[in-house]
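Student: Just the structure for this:
(2 chains)
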Amino acid sequence: MTRGVRAAEWVVLYALSIVVALAISSVIVEATGGDWWPVLEALVDGSIKAPGRWGETLGVAAPLLLVALGTVISAKAGLINIGQEGQLLMGAAFAVYFSFRIGGPGPLNVVLLLLFGALGGAVWASAAGLLRYWRGVPEVLSTLLLVFVAIQAVGYGLKWQWLLLADEASRGNRNLVSEQLAKNNRIPRPDIFGNEFPVTVYVALALALAVAYVLARTVWGFRLRMLGHNPRAAQRSGVSSTVYGATALAIGGAFAGLAGAAMFAGGGFSFGNYRLVPGFSDNIGWTGLLVALMARERALPAVVAAFVFAMLRTGAGFVNSTGVESRITDVVQGLLVLALLVPPAVVFLRDRRRARAAATERV
Amino acid sequence: MTDATTEMTGAGGPDPSAPAVELAGITKRFGGIVACDQVDLTLHRGRVHGILGENGAGKSTLMKVLIGLVLPDAGSIRIDGQPRTIHDPLAAAALGIAMVHQHFSLVDQLTVWENVALGEEGRLKSAGVRDRVAAISRQYGLEIDPDARVGDLTAGLRQRVEIIKCLRRDPHILVFDEPTSVLTPEESEQLFGTLREVVAAEDRAVVLVSHKLDEVLHATDEITIMRQGRVVDRRPTSDADARSLARAMVGREVSLRSERAAFGLAEIEEADREREAELQDQQPAQSLDTDGPVLRIEGVTVQGRGGARLLDDISLDLRAGEIVGVAGVEGNGQRVLGDLLSSLIPLDAGRVVVNDSEVRSGAPGAMAKAGIGVIPEDRHDSGVVLDMTVAENLLLVDPHRVARHGVMDKGQVIETAQQMIEEFDIGCSGPDAPLWSLSGGNQQRVVLARELAAEPDVLVAAQPTRGLDVGAIEYMTDRLRRTAVDGVAVLLISSELEEILDLSDRIVVMSRGRIVGELSHDDANLETLGLLMGGSEG
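Tutor: The predicted structure is shown next:
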């Protein structure tokens, strides 16, 4: 099939599934006594149209993209890491601990804080890696369950001042909260044409290019893909599933951790206002997983997918002010997410069927 | 209910004096291949009937017809004298036909009684099933704990579960498909005891499908021998001996000399001898290496689940430039040997030595690094990555060849691939074509090209011509010869005796994970090989 036909096919598939999702949404909104048109307008206003919303959306897209990139790397090794939410939270916690309990010299502080975040995520994902390659626990279970351990662990950390909890003076009337990151330690948010977003957006874009390059062109990426596609051929060819698999998991976690640190130090949206609080991760880990799914586990398409999912997020904020009940807008959001994931699933299933048919024909 | 039971009410009812099963003129084609060609088979109650034949002789297809897994293209089936059509396994079950499959269909996570109850309909009464399991195991001496988890059982005990599963339905006709391929000799012995019991006490008809001469001789009352889809002989077991069975099973003698000449080997040999001489002049040191064995396999034992010895104290030396054939019926350890030399499994005892240094077994890529190239038995298993491109598949083992500082040079990747595609005449739309888009023969060429490009000291070729058409077979055969002439030690693992006889300088025969005999090319013929393969000492 030629490239052009394929591209056209994607457009048709997406148009179709989004139209269907919008149609169902409109029926639901109208049936529950709401007005459909304002909801749609709010969605567009909140994500891109209203002043400053571009920046807001980009600020959300950056951590989503980072999480998705990590997911892409573990997926290429044939591993199903679904614990990004926890890895992200751990990354944020590590960044907070570094900021307030260790601290670095002046301008280096921001960079070190991000690296510590990556380390936190990597440590958390490596716990799953250890279980996988030492005891044979499927990573799909361990990564998922470690999310809930992470939530508890960070909650615990927020109870003790020597860990993450702020001192009484800066705590205000809140119970579980870290100190607020000082202005000079935050990630810069330059203003571009009335839109403000942290520079980590550029970092995330650069990393997307880097991941695409590493996977496609380096020996390491080549062998990682080999492992994902055919572990036995990889073993025979000298790829240690333990070394490559554990590394891929750790890197996947590092990306999620980096996302967490970037959310903490980058500000914007509802990311805790430079403080770590319970629920800080705000489903960015889960959503990043969906971004990777929509991008069919490829780095560059993840850039677009991350932006689309970020639009849904920032747009939803405006929808809530239309007076339509929040439970209904949640349903609308869910339908749109589904609409974004249906086309990749359809194409995946069809390709697999074709490949299988071709393989059996040629045996 | 099923077709079979509705038909049961038709004309007459079963005739007790008729044979239990009469298959007449059964023919089944798969594409261009005739798996069964006008096969007749009669099974009597109270007797064990052996069906003997090599892999691909049509035994399994015939049994699948009986069990309703395969619909024949022609022929008729009579059960107890009544004509029947068996559309599916449920219909077969309704007629009292059951089969113990070669590959177990058990759920590891469930217990013995749960597995036995699997597929039952209606409410599950655990006590009832367990009592029944216990009763059957007492009656036939198939001792087993109904509450054991199947995953924890040895292969022999799992087979017992399969047998109990079948017996629970109280079948009149019981088929065992290669039942001993997973068993130890002791377990096989026990199984045959059970078999006798089932037949003698209950007047059932039993079929034993096998390629092992001694067990057919030992455990059956009459024997049908199949070759290439046809019945070539049938006789009472009392009239049979190992030698005549072996000859009937593998077929005519082939004239080896004439085939060698026909392949034009003589010329190749001459040309290469000159080349070799030149090489030796240039590098005299090289010839020293070729004196000792390149590959030494010393006392290698590999154990499977439950302690069965998949390879049992194997020792084998390979010298540069020779082709050693490993003959044997499939499932006697050849695949394990291939896996071992592909670094896919560790060994439990012994060692593998390449060029005087021991290779760590099971370590990723160790065997390949030591200089062992492999054309695996199932290329989709470890030979290729279907979802990668032809170029990538050509570089699987050694991507560093086209890389600098860990980055692969795209131009060089394509160039190298293009060269190999031309040299090995790989039919594909280009280096970027996904491997799955290639035909089987061309996929095999990709594997061959890659393995030879690595300039191995040893080349393991496992079933290298399986599933290939005539032209591709000739190409592969020719390549293997040239490889040996170039000074590579070639280990040819094959269940095609003709191929082994045609190519090998030396032949070893494997049976039950052991090397049971070694023959020089001149001493080997189909009969001697057939006897050794059947596991018969005589």
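Student: From now on I want contacts and neighbour counts done on CA atoms only, so please keep to that.
Tutor: Fine.
Student: need the residues of the stretch 151-300 of chain A near chain B, please.
Tutor: Selection of the stretch 151-300 of chain A residues close to chain B by C-alpha under 8 Å from any C-alpha of the partner chain yields A:217-220, A:223, A:226, A:229-240.
Student: element containing the nearest residue to residue A:278 once chain neighbours are set aside, please.
Tutor: Closest residue to residue A:278 apart from its sequence neighbours, by C-alpha to C-alpha, 6 or more residues apart in numbering or on different chains: residue A:155 at 6.3 Å. Under the criterion DSSP states H and E, the helix or strand holding residue A:155 is helix A:139-157.
Student: So what's the model's average confidence on that helix?
Tutor: For helix A:139-157, mean pLDDT rounds to 95.
Student: cool, and stretch A:286-294?
Tutor: Averaging pLDDT along stretch A:286-294 yields 94.
Student: Could I have the CA atoms of that stretch written out in PDB?
Tutor: Taking Å, rounded to 0.1, in the frame of the first residue of the first chain, the C-alpha atoms of stretch A:286-294 are listed here in PDB:
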ATOM      1  CA  TRP A 286      -2.400   7.000  32.800                       C
ATOM      2  CA  THR A 287      -3.100   9.500  30.100                       C
ATOM      3  CA  GLY A 288       0.500   9.300  28.900                       C
ATOM      4  CA  LEU A 289      -0.100   5.600  28.500                       C
ATOM      5  CA  LEU A 290      -3.000   6.300  26.200                       C
ATOM      6  CA  VAL A 291      -0.900   8.800  24.300                       C
ATOM      7  CA  ALA A 292       1.600   6.000  23.500                       C
ATOM      8  CA  LEU A 293      -1.300   3.800  22.500                       C
ATOM      9  CA  MET A 294      -2.700   6.300  20.100                       C
END
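Student: which residues are in contact with it?
Tutor: If you take C-alpha atoms under 8 Å, 6 or more residues apart in numbering or on different chains as the criterion, stretch A:286-294 is touched by A:63-69, A:71-72, A:82-85, A:298, A:302, A:305-306, A:309, A:340-341, A:344.
Student: rewinding a little: tell me which other helices or strands the helix holding residue A:155 touches.
Tutor: Using 3 or more C-alpha pairs under 8 Å, 6 or more residues apart in numbering or on different chains; DSSP states H and E, the elements in contact with helix A:139-157 are helix A:84-97, helix A:108-135.
Student: which one of these is the most hemmed in?
Tutor: Highest mean neighbour count among the helices and strands packed on helix A:139-157 (mean count of other C-alpha atoms under 10 Å in any protein chain shown): helix A:84-97, with a mean of 33.
Student: For residue A:206, the count of nearby residues, please.
Tutor: Around residue A:206 sit 11 other residues, with neighbours defined as other C-alpha atoms under 10 Å in any protein chain shown.
Student: cool, residue B:19 as well?
Tutor: 16.
Student: show me what contacts the closest residue to it other than its chain neighbours?
Tutor: On the basis of C-alpha to C-alpha, 6+ apart, the spatially nearest residue to residue B:19 that is not a chain neighbour turns out to be residue B:44, at 4.9 Å. Taking C-alpha under 8 Å, 6+ apart, we find residue B:44 in contact with B:19, B:20, B:21, B:205.
Student: swap the cut-off to 6 Å and go again
Tutor: By C-alpha atoms under 6 Å, 6 or more residues apart in numbering or on different chains, the contact list for residue B:44 reads B:19, B:20, B:205.
Student: Return the per-residue confidence for the closest residue to residue B:363 other than its chain neighbours.
Tutor: Leaving aside its sequence neighbours, residue B:363 sits nearest to residue B:343 (C-alpha to C-alpha, 6+ apart; 5.9 Å). Residue B:343 is assigned a pLDDT of 94 by the prediction.
Student: and after the helix holding residue A:155, which helix or strand comes next?
Tutor: Downstream of helix A:139-157, the first helix or strand assigned by DSSP H and E is helix A:168-171.
Student: which outside residues touch that following helix?
Tutor: With C-alpha under 6 Å, 6+ apart, helix A:168-171 has no contacts at all.
Student: list the helices and strands the next helix or strand along the chain from it packs on?
Tutor: Moving toward the C-terminus from helix A:168-171, the next helix or strand (DSSP H and E) is strand A:191-192. Helices and strands touching strand A:191-192, by 3 or more C-alpha pairs under 6 Å, 6 or more residues apart in numbering or on different chains; DSSP states H and E: there are none.
Student: Now residue A:305: closest residue in space, sequence neighbours ignored.
Tutor: residue A:291 (5.5 Å).
Student: Could you check the pLDDT of the residue in chain B that chain A sits nearest to?
Tutor: Nearest residue of chain B to chain A: residue B:365, at 3.3 Å (C-alpha to the nearest C-alpha). We have a pLDDT of 93 for residue B:365.
Student: Pretty sure it sits against residue A:234.
Tutor: No: judged on C-alpha atoms under 6 Å, residue B:365 makes no contact with residue A:234 at a distance of 8.2 Å.
Student: between the two, who's got more neighbours?
Tutor: residue A:234 (27 against 24).
Student: my guess is that one meets residue A:227, correct?
Tutor: Yes: with contacts counted by C-alpha under 6 Å, residue A:234 reaches residue A:227, the gap being 5.1 Å.
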